[in-house]
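[1] Sharing a sequence plus its predicted fold:
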Amino acid sequence: IRIANHLGVEVIVVHGGDIRKSYTKAYVNTLKHLRELKPIAENSGVKLVIENLFEGKIGALPHELLSFANEGFELCFDIGHAFLTSVNSGLRMDEFSVLFPYTSHLHIHDNNGYEDEHRPLGEGMIGFSYAGRVVELTKA
């Protein structure tokens, strides 16, 4: 964090932890570390922004990210990751809209719904209309 500040970096996008054995332990561990890092980042003039991820990682589900937002973190909404979570969990894409008031950064890329391919928008299954709505509805 201090090196990022020294380099002039204003925002660090953070990923939640992997869920290896216990979801609860992974979630609590992620939250604990974020709480520890937040004052260090604030004192360094760097903002930590939490990115939504996909299956097997903390931060895949909207309720997890809302809990981080309630701790004072802003969010990075990754459209491709949301689509992977939607396909694999059965969540509707519109269920992620609860995150938009807390979203200050966007990652826009496309995929086939099975792999995190980071294709250009329009070369996968997400499409331009959803991405356009996300851009309109977030503060990013």
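    Arrived safely.

[2] Near the residue lying closest to Ala26 once chain neighbours are set aside, how many other residues are there?
    Once its chain neighbours are removed from consideration, Ala26 has its nearest residue in Ile19; the separation is 4.5 Å (CB to CB, 6 or more residues apart in numbering). All C-beta spots, glycine's among them, are computed from the backbone N, C-alpha and C. Counted by other CB atoms under 10 Å, the residues lying close to Ile19 total 17.

[3] for Glu136, same thing?
    8.

[4] do you know how far it is from His15?
    26 Å (CB to CB, to the nearest Å).

[5] Leu106 belongs to a strand, doesn't it?
    Yes - secondary structure of Leu106, determined by DSSP: H, G, I helix; E, B strand; the rest coil: located in a strand.

[6] Can you report how many residues neighbour Gly90?
    8.

[7] when you give positions from now on, start the count at 663
    With 663 as the first residue, the last one maps to Gly752.

[8] and after whichever strand or helix holds Ala703, which helix or strand comes next?
    When secondary structure is defined by DSSP states H and E, Ala703 falls within helix 685-706. Secondary structure here is assigned by DSSP H and E; on that basis, the next helix or strand after helix 685-706 toward the C-terminus is strand 709-713.

[9] What strands flank that next one, and is each parallel or antiparallel?
    When pairs are called by DSSP bridges, strand 709-713 turns out to pair with strand 673-676 (parallel), strand 736-740 (parallel).
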